[in-house]
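Colleague: the sequence isn't on hand, but the structure is:
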């Protein structure tokens, strides 16, 4: 799904940006500006930010849950 028409970013691009940002700096707070920067883009009209935030939240849940499961399993 296209999220940002100005930068031609899709929901898959957003998920990739989230993954890269979290691999580089786990626990970082992510907002559209940070994820767009990770992708080499920046907000232009910013009308996409509400949808981008939803995509970011979904990507964080998808990425962090398996990672946390591995950490919890290693700690027990």
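Modeller: Ah, there it is. Note that this is a predicted model, so its numbers are computed, not measured. Numbers count the residues shown, from 1 in each chain.
Colleague: now the residue positioned nearest the centre of the chain. Nearest residue, chain neighbours left out?
Modeller: Centroid-nearest residue in the chain: residue 18, 2.6 Å away (criterion: CA atoms, centre = their mean). What sits nearest to residue 18 in space, not counting adjacent residues and going by CB to CB, 6 or more residues apart in numbering, is residue 59, at 3.8 Å. (C-beta placed from N, C-alpha, C; glycine too.)
Colleague: who's in contact with the one you found?
Modeller: 14, 15, 18, 19 (CB atoms under 8 Å, 6 or more residues apart in numbering).
Colleague: all the helices of the chain, residue numbers only.
Modeller: Remark: helices assigned in the chain by DSSP state H are 11-24, 32-38, 49-75.
Colleague: can you put those helices in CSV and add distance to residue 3 and mean pLDDT?
Modeller: What follows is the helices of the chain, written out as CSV (distance: least, CB to CB, whole Å; pLDDT from 0 to 100):
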stretch, distance to residue 3, mean pLDDT
helix 11-24, 6, 95
helix 32-38, 9, 97
helix 49-75, 5, 80
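Colleague: tell me which of these sits most buried.
Modeller: The highest mean neighbour count among these, using mean count of other CB atoms under 10 Å, belongs to helix 32-38: a mean of 19.
Colleague: show residues contacting that helix.
Modeller: The contact list for helix 32-38 (CB under 8 Å, 6+ apart) reads 4, 7, 9, 14, 17-18, 20-21, 28, 42-43, 46, 48-49, 52-53, 56.
Colleague: re earlier: now the two most distant members of the contacts of residue 59.
Modeller: Maximum pairwise distance among these (CB to CB): 9.8 Å, between 14 and 19.
Colleague: contact partners for the nearest residue to residue 5 once chain neighbours are set aside?
Modeller: Nearest non-adjacent residue to residue 5, counting by CB to CB, 6+ apart: residue 48, 7.2 Å away. By CB under 8 Å, 6+ apart, the contact list for residue 48 reads 3, 4, 5, 6, 9, 32.
Colleague: residue 4 too?
Modeller: 36, 41, 48, 52.
Colleague: many thanks, have a good one.
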